[in-house]
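**Student:** starting from these lines, generate the structure:
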Amino acid sequence: MSLFTDDFDSLVESRKAIRAFLTKPVPRELITNIIDVARLAPSNSNTQPWTVHIITGRAKRDLSALLGVAHIDPLTKPLVHLPDNLSQKYRTRQEQFGALFYGVQNVDKCDVNARSKVTSRNFEFFGAPVGLIFTVEMNLKKYSWMDYGMFLQTLMLAAQSRGLATCPQVSFARFQTVIADFLKLENDQEIVCAMSLGYADESSPLNQMRMPRESTHDFTHFIGFDQ
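**Tutor:** As a prediction, the model looks like this:
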């Protein structure tokens, strides 16, 4: 393998979701540089369906406060991000994540209040100095959401290569109305997800977690190679 390949593989392997950040600020120029790279991600017919809202300082604190209130509001509907009839293989992986994530924080899976408190950290961007909110036009189809996934992955790797850490957060989609009002979004804009961005607190046990991955052989089908 070339040196470039080795470096890229190491970069991908080193990226993980960070859930504890230092308060060290991230320069605006560095954020712009990262997004300048991410914008080169491919998209269907070059539609480039992404819009990014970047917040820090008082604005981020104000949004977090609003989301914190909405999070504990009993009238707030839960986010349904997985189907009720989730296949067992996916259910098993989800349960593995829960056991690791809550286990490192000594939270019992049956302790609803403690789990809610842990979840609320999402809306503080896990202490990161920068929060990103990603939106897309509602009338776009699933293929544009696929484009968005490639954009997000490119952004995270660009950040990782510059010594910054990230955590993509689908939980923000639960608060479409709150976020739309705060950011004064156009009516056609839908929340895709949010992301915490900053410098990882390497001393946090949360950041020592490594989620298991399936073997390539378990989900790959090679066809015609033996002919």
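
**Student:** name the helices or strands packed onto the top helix by length along the chain?
**Tutor:** Identified as the longest helix of the chain according to DSSP state H is helix 142-161. Judged by 3 or more Cβ pairs under 8 Å, 6 or more residues apart in numbering; DSSP states H and E, helix 142-161 is in contact with helix 3-14, helix 28-38, strand 130-137, strand 165-169, strand 189-198. Glycine gets a C-beta too; all of them are placed from N, C-alpha and C.

**Student:** hmm, who's touching it?
**Tutor:** By Cβ atoms under 8 Å, 6 or more residues apart in numbering, the residues outside helix 142-161 that reach it are 11-12, 14-15, 33-35, 37-44, 47-50, 134, 136-137, 165-166, 168, 192-193, 195, 197.

**Student:** what sits against the residue positioned nearest the centre of the chain?
**Tutor:** Nearest to the mean C-alpha position of the chain, by Cα atoms, centre = their mean, lies Pro168 at 0.7 Å. Contact partners of Pro168, counting by Cβ under 8 Å, 6+ apart, are 17, 152, 156, 193-195.

**Student:** of those residues - the most surrounded one?
**Tutor:** Ala194 (26 neighbours; other Cβ atoms under 10 Å).

**Student:** hang on, the earlier thing: wait, which of the helices and strands packed on helix 142-161 is closest to Arg58?
**Tutor:** strand 130-137 (12.3 Å; Cβ to Cβ).

**Student:** low pLDDT regions in the protein?
**Tutor:** Along the chain, segments meeting pLDDT under 70 span 1-3.

**Student:** let's see it at 90
**Tutor:** 1-6, 73-82, 109-110, 112, 115, 118, 210-211, 226-227 (pLDDT under 90).

**Student:** if we can go back for a sec, from Phe225, how far out is the residue nearest to the centre of the chain?
**Tutor:** Applying Cβ to Cβ, to the nearest Å, the value for Pro168 to Phe225 is 34 Å.
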